[in-house]
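Q: below are the sequence and a predicted model for it; my questions follow.
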Amino acid sequence: QVQLVESGGDLVQYGGSLRLSCTCSGFTVHNYVMSWYRQAPGKEREWVASGTVGGRRNYADSVKDRFGISIDHNNNIAYLQMNSLKPEDTAIYYCNAKGTLYGVAYEYWGQGTQVTVSS
């Protein structure tokens, strides 16, 4: 059974840091592009960052130089390190895994973790 479980969301002050975790089971992160998305109240879900075990990293302009995605393939966990947090980073953060195996596309989502940044 595939599961992605996010954790690490919290209430933090402006300028603070958090590290989100996405613990995966039922598949191996080695074969997938791992991404983080977020959804603020009243807004659409937006892409934040993506990475692969091979080292590829991509970030939305709004978080570049502040956030960092990493993947621990030994423990099947993806992380999102968030620094210099701003109130506009307040959102539910979702973990996403996307890959293709034997010609079949797979995509999985976690349930989300709340990040609130106070000013």
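A: The structure has been received and is ready for your questions.
Q: can you give me the strands for the protein?
A: Assigned by DSSP state E, the chain shows strands spanning 3-7, 11-13, 18-25, 33-39, 46-51, 57-59, 67-72, 77-82, 91-101, 104-109, 113-118.
Q: can I get those strands in TSV with mean pLDDT and mean neighbour count?
A: No exception for glycine: its C-beta is placed from N, CA and C like everyone else's. Formatted as TSV, the strands of the chain follow (pLDDT from 0 to 100; neighbours: other CB atoms under 10 Å):
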stretch	mean pLDDT	mean neighbour count
strand 3-7	98	17
strand 11-13	98	13
strand 18-25	98	19
strand 33-39	98	22
strand 46-51	98	19
strand 57-59	98	15
strand 67-72	97	18
strand 77-82	98	22
strand 91-101	96	19
strand 104-109	96	12
strand 113-118	98	17
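Q: list the contacts of the most centrally placed residue in the chain.
A: Residue closest to the average C-alpha location in the chain (CA atoms, centre = their mean): residue 36, at 2.7 Å. Contact analysis of residue 36 by CB atoms under 8 Å, 6 or more residues apart in numbering lists 20, 22, 47-50, 69, 78, 80, 93-96.
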